[in-house]
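Visitor: need a structure here:
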Amino acid sequence: MRKGLRLTSILLVFTLLLILGARWLEREGHLNLAMVRIDNSGLVDSVRIAEILKPFFGSSLLKLEMDSLKSGLLAIDGVDSIFIRIRYPDTIIISMTAREPAAVLAYSGRSIPVTVSGDHLPAEWGNDRLPVINIVGDPETETISSALNLLIKRELNGSVLIQVSSREIVVTENGIRIILDPSRAAETWLRWRSISTMITDRTDEVDLRYRDQAVLRSTEET
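Guide: This is a model prediction of the structure:
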């Protein structure tokens, strides 16, 4: 029993010394944030990261407002997730996951990179290697998402041209315009695949917006 009390006393004294030591280090400024390491920031704007971090420098790591820091970083365009670790005495390590551009939405006069799920990304994240969906007019978000899903899930990157308007999704493949129903884009694209080998050279347009039907048109007819 005495041995247990002695061990408890030693632990209490040790804990007290740690607390006093930490308070002294904090009071002397030895635990203040002086260095930040950023991992996997990708294309995220480094200037915006620096602006968010600036007010936290010089703050004690024991009192660092982690939730506020994390919220600020997550608010930067393109940031998907944040994990923060403290490395005493003066450093934090921020592991960042950035969103990836999957395609570009080309409007009249502007281009917007988007993720697979359709979330907008900073304009400078676009590049010539990304597939492009041309937007005409002001189609609903659901229609654009439907075209994006078709592009990504069917791996149409680079093999077709896609145009989206308020009433239709038009895919141009090998010079043939395939008009799809936006509400059933995947289904109608599969129907196109099933009949594509039967299309003659005289066909310029295949309209699949009508359920269980395919309307074929040639240049002369249109």
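Visitor: so which helix or strand of this protein has the lowest pLDDT on average?
Guide: helix 2-27 (a mean of 53; mean pLDDT, DSSP states H and E).
Visitor: next structured bit after it?
Guide: Going down the chain from helix 2-27, the next helix or strand is strand 35-39, by DSSP states H and E.
Visitor: residues contacting Ile93?
Guide: Residues near Ile93 by Cβ atoms under 8 Å, 6 or more residues apart in numbering: 36-37, 39, 84-87. From N, CA and C alone the C-beta is placed, and that goes for glycine too.
Visitor: mind listing what's buried along the strand or helix carrying Ser68?
Guide: In this assignment (DSSP H and E), Ser68 forms part of helix 66-74. Neighbour-count burial for helix 66-74 flags 69-70, 72-73 (criterion: 16 or more other Cβ atoms under 10 Å).
Visitor: low-scoring stretches of the protein, by residue?
Guide: 1-30, 158, 219-222 (pLDDT under 70).
Visitor: just the strands in this protein please.
Guide: For the chain, applying DSSP state E gives strands covering 35-39, 79-87, 91-98, 103-107, 110-114, 132-135, 161-164, 169-173, 176-180, 205-207, 215-217.
Visitor: with distance to Pro122 added, can I get these in TSV?
Guide: Listed next are these as TSV, based on distance: least, Cβ to Cβ, whole Å:
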stretch	distance to Pro122
strand 35-39	17
strand 79-87	11
strand 91-98	11
strand 103-107	12
strand 110-114	7
strand 132-135	17
strand 161-164	22
strand 169-173	26
strand 176-180	30
strand 205-207	37
strand 215-217	41
